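here is my input; please provide its structure:
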Amino acid sequence: MSGAASLNYDLCRRLAAEHPYPLLFATISGAHLYGFASADSDYDLRGVHIVPAREALRIEPIRDTIEAGGVRERVEIDLVTHDAFKFFRLMLKKNGYVLEQLLSPLVVLTTPEHAEIKALSARCITKFHAFHYLGFAETQWRLFSKEDPPRVKPLLYVYRVLLTGIHLMRAGVVEANLRRLNEEYRLPYIEELIARKAGGAERERLTGADLEFHASEYARLRARLEEERDRSALPEHSTALKPLSDLLVRARMSQ
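Now for the predicted structure:
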């Protein structure tokens, strides 16, 4: 996978080891996962922690999201984790972003519980995940089009999100890497855009003609995602509530 070989996993594991709670997993997300990291791309670590039962049963709110990081060894790195309860609820709410984190092949830390959650993830996927990707793409398109002149990076996020959603509706598989997706969907401009992003800020700017072309492609791929949703064989409802709940209880009680 592009960008994976150059990652400093030791640095990532040291940051994960500082976490105040046990981690069920930590993976790398962001541009490294998406297949278009530059040499200076940040490290975006995501994961799940488990608050012990003795804390979760108290009146005080638990620390359900924890953020840490900064610049280390000249690398901008952050780690954001959710408590398992919050993460499992997001999985059940058709949130594709958390599934991408869970299933990232760029693994910093794993546990048997991580394997269990991954196995259950297929039972969380429904055709309504299309709405997550449609909304995410719209947000990224607004970020892209409001800039003057527009940049390549947010445009790559637009295409990554749309193709991930299309592929999920067609194949029932979460694939977040744009290069891999493009092996299937063969958009001729993707590799050039990735090369321009990697080439630095001076090559990242697009012209008005570029904007007109990509607006047309954005509309086409949005329509494709809606079509794939409507004919998808994916179920309408998750069936993972009980096994995720059971896993949460076991994980809490083991701490």
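
what segments of the stretch 151-255 of the chain are helices?
152-171, 178-185, 190-198, 208-231, 241-253 (DSSP state H, counting those that start in this stretch).

and the angle for the first one with helix 208-231?
Pointing back at helix 152-171 there. Here helix 152-171 points in a direction 20 degrees away from that of helix 208-231 (axes from the mean of the first three to the mean of the last three CA atoms, to 10 degrees).

what is helix 152-171 packed up against?
Here helix 152-171 touches helix 30-34, helix 96-102, helix 129-145, helix 178-185, helix 190-198, helix 208-231, going by 3 or more CB pairs under 8 Å, 6 or more residues apart in numbering; DSSP states H and E. No exception for glycine: its C-beta is placed from N, CA and C like everyone else's.

tell me how far Tyr218 lies from Gly30.
22 Å (CB to CB, to the nearest Å).

for Pro150, same thing?
Counting by CB to CB, the gap from Pro150 to Gly30 is 20 Å.

check Ala56 too.
In terms of CB to CB, Ala56 sits 29 Å off from Gly30.

neighbour count winner among those two?
Applying other CB atoms under 10 Å to Ala56 and Gly30 shows that Gly30 carries more neighbours, namely 20 against 16.

so that one makes contact with Asp44?
Yes: the pair Gly30 / Asp44 is scored as a contact, 3.2 Å apart, by CB atoms under 8 Å.

show me what contacts Pro235?
126-127 (CB atoms under 8 Å, 6 or more residues apart in numbering).

renumber starting at 10 from here on
Okay, residue one is now 10; in that scheme the one you just asked about reads as Pro244.

what about it, distance to Tyr43?
27 Å.

check Ile37 too.
10 Å.

do Leu143 as well
18 Å.

ok, how many other residues are close to Ala128?
Neighbours around Ala128, by other CB under 10 Å: 11.

ok so it is a helix residue?
Yes: applying DSSP: H, G, I helix; E, B strand; the rest coil, one finds Ala128 inside a helix.

show me the contacts for it.
So Ala128 contacts nothing (CB under 8 Å, 6+ apart).

what score does it have for pLDDT?
Looking at Ala128, its pLDDT is 98.

the bottom helix or strand of the chain by mean pLDDT?
Using mean pLDDT, DSSP states H and E, helix 199-207 stands out as the lowest-scoring helix or strand of the chain, at a mean of 90.

show me what it is packed up against.
Going by 3+ CB pairs under 8 Å, 6+ apart, helix 199-207 lies up against helix 161-180, helix 187-194.

how does this structure divide into domains?
18-133+249-262, 138-240 (automatic domain parsing).

just how off-centre is stretch 132-139 within its chain?
15 Å (CA atoms, centre = their mean, to the nearest Å).

can I get that stretch in PDB? Just the C-alpha atoms.
Provided in PDB are the C-alpha atoms of stretch 132-139 (Å, rounded to 0.1, in the frame of the first residue of the first chain):
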ATOM      1  CA  ARG A 132     -23.200  -7.300  10.300                       C
ATOM      2  CA  CYS A 133     -23.300  -3.500  10.700                       C
ATOM      3  CA  ILE A 134     -23.100  -2.700   7.000                       C
ATOM      4  CA  THR A 135     -26.400  -1.600   5.400                       C
ATOM      5  CA  LYS A 136     -27.500   0.100   2.200                       C
ATOM      6  CA  PHE A 137     -28.100   3.200   4.300                       C
ATOM      7  CA  HIS A 138     -24.300   3.700   4.700                       C
ATOM      8  CA  ALA A 139     -24.700   5.400   1.300                       C
END
